[in-house]
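Novice: fold the following, please.
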Amino acid sequence: MTKEELELSKNEDELKLAIGKLTRELDRIKLGGGEKKLEAQRAQGKMTARERIEYLFDKDCEYWEIGAFAGFGMYEEHGGCPAAGVLTVIGYIQNRLCMVIANDATVKAGAWFPITGKKNLRAQEIAMENRLPLIYLVDSAGVFLPMQDEIFPDKEHFGRIFRNNAILSSRGIPQIAAIMGSCVAGGAYLPIMSDEALIVEGTGSIFLAGPYLVKAAIGEITDNETLGGASTHCEISGVTDYKMKNDHHCLDTIRSLVDKFGEGQNAGISKTKSLPPGIPVDQLLSVFPANGLKPYNMMNILECIVDENSVTLYKEAYGKSIICAYARIGGWAVGIVANDRQVIKSGKGEMQMGGVIYSDSADKATRFILNCNQKKIPLVFFQDVTGFMVGTRSEHGGIIKDGAKMVNAVANSTVPKFTVVVGNSYGAGNYAMCGKAYDPRFIVAWPTAKIAVMGGSQAARVLTQIQVSSLKSKGHEPNPEEEQNLFDTISKRYESQTTAYYAAARLWVDAIIDPRETRSWLIMGLEVASKAPIEKFNVGVIQS
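Specialist: Model (predicted):
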């Protein structure tokens, strides 16, 4: 075996190990509150959240879970919160793409943690941007009271969900809510602000205050069914529209309702016959380096994802640290903006580091992004970026101005944008390459992704020097061993905060994916985005 073959084999082994870890963590998350809680829910005559979703979607259809890692490693003092206690999944119901939001009652009775609210808002945002019908499967005890100050009053907290209910309704985006368990207090507004509400007999209940609070507030003694059960709200109050015998009956009725939806205006994105990639997708595993700092050719990855023979490179010989190319993915036209990680020679004869954005690369990317907006071509960003080039030469050449142009173009883009973080995503490079703050329709990460202000080693050295200077000012000068221990401690903490898992737990990315699933995720995203009209593009002020 040659040295090159050994290197490719090592890359593949390392990435397969990372994918194996990803699969194991996802399997644990899918257990929600654990096997005992799942069985307890079934014993009540209820399906679990994941069973409800699987039954609701078309048989054998592909579906995509958003935010599976939300809450990962968080709230451990409260017993954890797998998947934030709520599932948000896109799939087909009667051949119609829909967003489903389902509370997982096995996780703290479906209570809302701060990250639960954030995840719900993200699902509503996706539905709003792409005009996806929304199905709510409600089974929740309401706000997790020990953390009420972190979820109740602010702009991006719990109350924003009901505001979004109203906005979605005003835009003609269908919303159906099924009360399949508890639905209490402020949460009661969500199903009733939807277009139609179903409630399951015996297990579904909805009220502003439960029996205990009613007794404490006004002295009245009552029970769940009398206060807010299916018969009460379908026969007396008129709050709900359909009384359902059980979970299956409820989900079948939702499918029947979705079947009657009309079609809206679409985006007008070009679509032709889908062709497979020219290079088998499994080869992608050996191309990406096990050592994230090593150079590699991004085109080798792209050719495993795009349709065969569909690539047209834009300004191929200029601004080489960024690849800009027109292509097709699953037949959909796209404009690709990708960081190239090769060490390359610029047009001026200078050697340029891979993964760094130079002035010429920023200029090229800006022009390409403007062109894609002009022609209604969706943008796909592949991030492996260490940031913009620094130093005297770059500053004198106007790197800040060129970077600002690129950020401006990304921010003002109205075509659908999608982001795949394959490796590094550092500093302003994250912004210019359409990080979460720049409204990608979907942003996913490979297990190899790292998202931070700067690389771990550089950051740890800066922070160590600050600590050392602080100690010196207090009259204590650390010896080399103390300084190294300080560096190791800071480095370990910083590195843990840059991982794909840390980012996904906080919803900085929508999902961590097996790299081999990148193409199918992008095809799904393009299909979803095709359902919403594209707004008129206006770039604003860009300095020449």
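Novice: okay, CA-based contacts and neighbour counts for the rest of this
Specialist: OK.
Novice: which secondary element of the chain has the worst mean pLDDT?
Specialist: Least confident helix or strand, the chain: strand 351-352 with a mean of 71, by mean pLDDT, DSSP states H and E.
Novice: quick one: list the elements packing against the helix or strand that that strand is followed by.
Specialist: Note on strand 351-352: by DSSP states H and E, the next helix or strand toward the C-terminus is strand 356-357. Contacts defined by 3 or more Cα pairs under 8 Å, 6 or more residues apart in numbering; DSSP states H and E place strand 356-357 against strand 387-388.
Novice: quick check: what element follows the strand it packs on along the chain?
Specialist: On the C-terminal side of strand 387-388, the closest following helix or strand by DSSP H and E is helix 392-396.
Novice: chain neighbours aside, what residue packs nearest to residue 114?
Specialist: residue 151 (4.9 Å; Cα to Cα, 6 or more residues apart in numbering).
Novice: show me the contacts for the one you found.
Specialist: 113-114, 117, 143, 157-158 (Cα atoms under 8 Å, 6 or more residues apart in numbering).
Novice: go through the lengthiest helix in the chain and flag the buried ones.
Specialist: Assignment by DSSP state H gives helix 3-29 as the longest helix of the chain. Neighbour-count burial for helix 3-29 flags 7-12, 14-16, 19, 22, 26, 29 (criterion: 16 or more other Cα atoms under 10 Å).
Novice: swap in stretch 332-347?
Specialist: So, applying 16+ other Cα under 10 Å, buried residues of stretch 332-347: 332-344, 346.
Novice: for that stretch, what is the distance to the chain centroid?
Specialist: Averaging C-alpha positions (Cα atoms, centre = their mean, to the nearest Å) puts stretch 332-347 24 Å from its chain's average.
Novice: using CSV, write out every CA atom in stretch 438-454.
Specialist: C-alpha atoms of stretch 438-454 as CSV (Å, rounded to 0.1, in the frame of the first residue of the first chain):
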residue,chain,number,x,y,z
TYR,A,438,-27.3,34.8,8.2
ASP,A,439,-30.6,32.9,7.9
PRO,A,440,-29.7,29.7,5.9
ARG,A,441,-32.9,27.7,5.3
PHE,A,442,-31.0,24.8,6.8
ILE,A,443,-27.6,24.5,8.3
VAL,A,444,-26.1,21.1,9.0
ALA,A,445,-22.7,19.9,10.3
TRP,A,446,-20.5,16.9,9.8
PRO,A,447,-19.2,15.3,13.1
THR,A,448,-15.9,16.9,12.1
ALA,A,449,-17.2,20.5,12.3
LYS,A,450,-15.7,23.0,14.7
ILE,A,451,-17.4,26.4,15.3
ALA,A,452,-15.7,29.1,17.3
VAL,A,453,-14.3,32.6,17.2
MET,A,454,-10.9,31.1,16.5
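Novice: quick one: mean pLDDT over that stretch.
Specialist: Confidence for stretch 438-454, expressed as mean pLDDT, is 95.
Novice: buried ones in it?
Specialist: Residues of stretch 438-454 classed as buried: 438-452, 454 (neighbour count, 16+ other Cα under 10 Å).
Novice: and the residues you listed, which two are the farthest apart?
Specialist: Pairwise distances across these (Cα to Cα) peak at 25.0 Å, for the pair 441 and 454.
Novice: so which of the buried residues of stretch 438-454 belong to strands?
Specialist: Mapping the buried residues of stretch 438-454 onto strands (DSSP state E) picks out 442-445, 450-452.
Novice: low pLDDT regions in the protein?
Specialist: Low-confidence segments of the chain, defined by pLDDT under 70, are located at 346-347, 349-351, 456-457, 459-460, 540-544.
Novice: would you point out which residue is most central in it?
Specialist: Geometric centre of the chain, nearest residue: residue 510, 1.2 Å, by Cα atoms, centre = their mean.
Novice: I figured that one hits residue 444, correct?
Specialist: Yes - judged on Cα atoms under 8 Å, residue 510 makes contact with residue 444 at a distance of 5.5 Å.
Novice: about what we covered before: could you dump the buried residues of helix 3-29 to CSV with distance to residue 83?
Specialist: Shown next, in CSV, are the buried residues of helix 3-29 (distance: Cα to Cα, whole Å):
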residue, distance to residue 83
7, 36
8, 34
9, 34
10, 32
11, 30
12, 29
14, 26
15, 24
16, 24
19, 19
22, 14
26, 9
29, 6
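Novice: return the distance of residue 284 relative to residue 22.
Specialist: As judged by Cα to Cα, to the nearest Å, residue 284 and residue 22 stand 17 Å apart.
Novice: brain fart, residue 475
Specialist: 47 Å.
Novice: shouldn't residue 325 be within a strand?
Specialist: Yes - counting by DSSP: H, G, I helix; E, B strand; the rest coil, residue 325 is located in a strand.
Novice: name the nearest residue to it, sequence neighbours excluded.
Specialist: residue 313 (4.3 Å).
Novice: now swap in residue 429 and tell me
Specialist: residue 387 (4.3 Å).
Novice: hmm, back to that, what is the nearest of the contacts of residue 151 to residue 412?
Specialist: Residue 412 lies nearest to residue 157 out of the contacts of residue 151, by Cα to Cα, at 26.3 Å.
Novice: for the closest one, helix, strand, or coil?
Specialist: coil.
Novice: phi and psi next, for the most far-flung residue of the chain relative to its centre.
Specialist: Largest separation from the mean C-alpha position in the chain: residue 475, at 47.7 Å (Cα atoms, centre = their mean). The phi and psi values for residue 475, taken as degrees, to the nearest 10, are phi 90, psi 10.
Novice: still on that earlier bit, among the buried residues of stretch 332-347, name the ones in helices.
Specialist: Using DSSP H, none of the buried residues of stretch 332-347 sit in helices.
Novice: pipe those residues into TSV and attach distance to residue 403 per row.
Specialist: Supplementary listing: these in TSV, determined by distance: Cα to Cα, whole Å:
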residue	distance to residue 403
332	29
333	26
334	23
335	19
336	18
337	14
338	15
339	14
340	17
341	19
342	21
343	21
344	20
346	18
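Novice: give me the subset of these lying in strands.
Specialist: 332-339, 344.
Novice: can you tell me how far the closest residue to residue 112 other than its chain neighbours sits from residue 150?
Specialist: With sequence-adjacent residues excluded and distances taken as Cα to Cα, 6+ apart, residue 112 is closest to residue 143, at 4.5 Å. As judged by Cα to Cα, residue 143 and residue 150 stand 10 Å apart.
Novice: now residue 32
Specialist: Counting by Cα to Cα, the gap from residue 32 to residue 150 is 23 Å.
Novice: re earlier: what backbone torsions are found at the residue nearest to residue 114?
Specialist: phi -140, psi -20.
Novice: cool, and residue 419?
Specialist: According to degrees, to the nearest 10, residue 419 has phi -130, psi 130.
Novice: that one: what's it in contact with?
Specialist: Per Cα under 8 Å, 6+ apart, neighbours of residue 419: 380-383, 433-435, 440, 442-444.
Novice: so can I have TSV of these showing distance to residue 209?
Specialist: Converted to TSV, the contacts of residue 419 look like this (distance: Cα to Cα, whole Å):
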residue	distance to residue 209
380	47
381	47
382	49
383	48
433	47
434	44
435	41
440	39
442	37
443	39
444	40
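Novice: quick revisit: wait, doesn't the residue nearest to residue 429 sit right on residue 431?
Specialist: No - in this structure residue 387 lies outside contact range of residue 431 using Cα under 8 Å: 9.4 Å.
Novice: neighbour-wise, which of these two wins?
Specialist: residue 387 (23 against 19; other Cα atoms under 10 Å).
Novice: what about the more buried one, distance to residue 322?
Specialist: In terms of Cα to Cα, residue 387 sits 12 Å off from residue 322.
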